[in-house]
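**Student:** using only what follows, build the 3D model:
(one chain, ligands or ions: 1)
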Amino acid sequence: MPILGVIADDFTGATDVASMLVRGGLRTVQLIGVPASGDVRAAQAVRDTEAVVIALKSRTTPAADAVAESLAAWRWLKAAGATRCYFKYCSTFDSTAAGNIGPVTEALMREIGADFTLACPAFPENGRTIFRGHLFVGDVLLSDSGMRDHPLTPMRDANLVRVLQAQCSAGTRVGLVRYDTVARGAEAVRQRVAALRAEGVRIAVADALHDDDLRTLADGAADLPLLTAGSGLALGLPVWYERLGLARRHADAAGLEAMQGPAVVLAGSCSQATLAQVAAWREAGRPARAIDVRAVLAGAAAAAREQEAVLVWAREVMARRGGDEMAMPLVYSTAEPAELAATQAELGALEAGARVERAFAALARELAALGVRRWVVAGGETSGAVVQALGVRALRIGPSICPGVPWTQARRGSDGGSDAPIWLALKSGNFGAPDFFAAALRMAGAA
Ligand code: ADP
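**Tutor:** Numbering: from 1, shown residues only. The predicted structure follows:
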């Protein structure tokens, strides 16, 4: 039974924290959304785990919705056995002016009966550090970073104590565990937490500059029933959960069944990293086909014709002999910025994006019917569309291909018909080196 229940406010963030827990030795499953009551498959999927991460899409929804979903997630996790809760948000504290980190934290505290928790988005490995409550992205304050102009969650104040206080209700005081305390070790953190509690502080932002600081904080806070953080804090927790007798760590926590079966790569991201990855695949002479996005956008009949053409090509590639490598098709909609702007101009970015996602979803269903079992998908939204099309609701987290992107194992939903496992590498657009696709497939046992 899982002892740790994690609620993540977006999909790739969920995978990120799940990978961290696996690295720490906890067997971890990621669920997509809160399972319906009586969902037997979800209940089965979380057996033999120490941690379960529920991926929500609650970062930018109205605060009341984020609260309701997060509470539903925790109730499910608690019923599954979890006694510790971890609310995972972005390492740049992405939130709207109206929330949602403050309101969700307060609601979880009430539900769990926690009178104190930490808030620590620090992720030093990725350049996110906190000093005197101020969040830095690389060498600059959060408020001077690119996050300043984020379209949905512009972050214009780097002082997290102030940001979080503004998101919380009047009765909730937000304080700080300063770096000098963290540097003195876990006992000093515990004393500071006790002092803050006595002062009536209910949430404390915690400074952290190095992974060791996160380990210290994990030690000092492992007995708290609720933690709120980025994925970094999860790195240090498993050791302390083991010492507290809550969970056993496993050397093979990332172990999956041997990956096998036909493989495809689907790239629906137009991010720089994905552009480079598609180019590297093509330059290596591997089979690749661009989706004719104009046809996809032109209407149902043209889209269906294009889908059939892509499928005929993919089937032909997968039937090739002479080495696995040449039998793995890449299908991509990836376009350079100028081309992308032109297609978006006609329909608007959202509608164009939704239609391209639908095309990938339809293609995934057809490819699954052809027997594809190993999937590499580039793009956060594209991954969401593919996972939904395949009827996947639970991902067992396996070994990391690159930081934040693990191989995962899943079974398809009842609509999928088959009980054989499939394997998915779901990559946020901007992640990974240029040879990511080939590296992922090599790890998956493909040549
Ligand atoms: P990332 O992780 O890089 O943000 P996503 O998959 O989340 O990638 O988002 C990319 C969006 O762009 C998706 O909605 C996708 O359908 C859309 N898209 C991909 N290719 C094109 C294209 N050629 N023209 C218009 N939209 C596209």
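**Student:** how about stretch 370-377: buried residues?
**Tutor:** Taking 16 or more other Cβ atoms under 10 Å as the neighbour-count basis, stretch 370-377 is seen to contain the buried residues 372-377. Using the backbone N, CA and C atoms, a C-beta is placed for each residue, glycine as well.
**Student:** in CSV: those residues, plus secondary structure.
**Tutor:** As requested, the buried residues of stretch 370-377 are exported to CSV (DSSP: H, G, I helix; E, B strand; the rest coil):
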residue, secondary structure
Val372, coil
Arg373, coil
Arg374, strand
Trp375, strand
Val376, strand
Val377, strand
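**Student:** list just the nearest of these to Gln260.
**Tutor:** Within the buried residues of stretch 370-377, the smallest distance to Gln260 is 6.5 Å, found for Arg373 (Cβ to Cβ).
**Student:** which of the buried residues of stretch 370-377 sit farthest apart?
**Tutor:** Arg373 and Val377 (13.7 Å).
**Student:** what is the neighbour count of the closest residue to Ala385 other than its chain neighbours?
**Tutor:** Distances taken as Cβ to Cβ, 6 or more residues apart in numbering place Glu357 nearest to Ala385, at 4.1 Å, with adjacent residues excluded. Residues within reach of Glu357, counting by other Cβ atoms under 10 Å, total 21.
**Student:** next, Glu357: phi, psi?
**Tutor:** Its backbone dihedrals place Glu357 at phi -60, psi -40, with angles given as degrees, to the nearest 10.
**Student:** so who does it touch?
**Tutor:** Taking Cβ atoms under 8 Å, 6 or more residues apart in numbering as the definition of contact, the neighbours of Glu357 are 268, 381-382, 384-385.
**Student:** and Asp9, by the same measure?
**Tutor:** By Cβ under 8 Å, 6+ apart, the contact list for Asp9 reads 56-59, 66, 87-90, 100, 104.
**Student:** show only the entries of those found in strands.
**Tutor:** 87-88 (DSSP state E).
**Student:** check the contacts of Asp9 and tell me the two furthest apart.
**Tutor:** For the contacts of Asp9, the farthest-apart pair by Cβ to Cβ is Lys57 and Phe87; their separation is 14.8 Å.
**Student:** more neighbours: those two, which one.
**Tutor:** Neighbour totals were compared for Lys57 and Phe87, and Phe87 leads with 24 against 16 (other Cβ under 10 Å).
**Student:** so how far is the helix or strand that contains Val356 from its chain's centroid?
**Tutor:** Under the criterion DSSP states H and E, the helix or strand holding Val356 is helix 349-369. Centroid separation for helix 349-369 versus its chain: 21 Å, with Cα atoms, centre = their mean, to the nearest Å.
**Student:** ranges for the strands of the stretch 1-150 of the chain?
**Tutor:** Using DSSP state E, counting those that start in this stretch, the strands found in the stretch 1-150 of the chain span residues 4-8, 28-32, 51-55, 84-88, 117-120, 128-131, 134-137, 140-141.
**Student:** picking that back up, which among the contacts of Asp9 count as buried?
**Tutor:** 56-59, 66, 87-90, 100, 104.
**Student:** contacts with the ligand among those, please.
**Tutor:** The overlap between the buried ones among the contacts of Asp9 and the neighbours of the ligand (Cβ under 6 Å from any ligand atom) is empty.
**Student:** and those residues as TSV, adding pLDDT?
**Tutor:** Compiled in TSV, the buried ones among the contacts of Asp9 are given as follows (pLDDT from 0 to 100):
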residue	pLDDT
Leu56	95
Lys57	90
Ser58	93
Arg59	91
Ala66	97
Phe87	98
Lys88	97
Tyr89	97
Cys90	93
Asn100	95
Val104	98
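**Student:** which among these gets closest to the ligand?
**Tutor:** Here the nearest of these to the ligand, counting by Cβ to the nearest ligand atom, is Lys57; it sits at 12.0 Å.
**Student:** tell me if I'm right that that closest one and Phe11 touch.
**Tutor:** Yes: between Lys57 and Phe11 there is a contact at 6.9 Å, judged by Cβ atoms under 8 Å.
**Student:** what parts of the stretch 151-300 of the chain come near the ligand?
**Tutor:** 268-271, 293.
**Student:** 8 Å - rerun?
**Tutor:** 268-271, 274, 291, 293, 297 (Cβ under 8 Å from any ligand atom).
**Student:** report the lowest-confidence entry in those residues.
**Tutor:** Ranked by pLDDT, those bottom out at Ser271, which has 87.
**Student:** do you know how far Ala204 is from the ligand?
**Tutor:** For Ala204, the distance to the ligand (Cβ to the nearest ligand atom, to the nearest Å) stands at 33 Å.
**Student:** can you name the next helix or strand after the helix or strand hosting that residue?
**Tutor:** When elements are assigned from DSSP H and E, Ala204 belongs to strand 201-206. For strand 201-206, the following helix or strand on the C-terminal side (DSSP H and E) is helix 211-221.
**Student:** show residues contacting the helix or strand following that next one.
**Tutor:** Using DSSP H and E, the helix or strand that follows helix 211-221 in sequence is strand 226-229. Taking Cβ under 8 Å, 6+ apart as the criterion, the residues outside strand 226-229 that touch it are 84-89, 101, 105, 108-109, 112, 114, 117-122, 203, 221, 233, 237.
**Student:** and with 6 Å instead?
**Tutor:** Under the contact criterion Cβ atoms under 6 Å, 6 or more residues apart in numbering, strand 226-229 has outside partners 85-87, 105, 108, 112, 114, 117-120.
**Student:** that strand pairs with which strands, and in what direction?
**Tutor:** Strand 226-229 sits in its sheet next to strand 84-88 (parallel), strand 117-120 (parallel), going by DSSP bridges.
**Student:** turn those strands into JSON lines, columns for distance to Gly175.
**Tutor:** Supplementary listing: the strands paired with strand 226-229 in JSON lines, determined by distance: least, Cβ to Cβ, whole Å:
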{"stretch": "strand 84-88", "distance to Gly175": "18"}
{"stretch": "strand 117-120", "distance to Gly175": "10"}
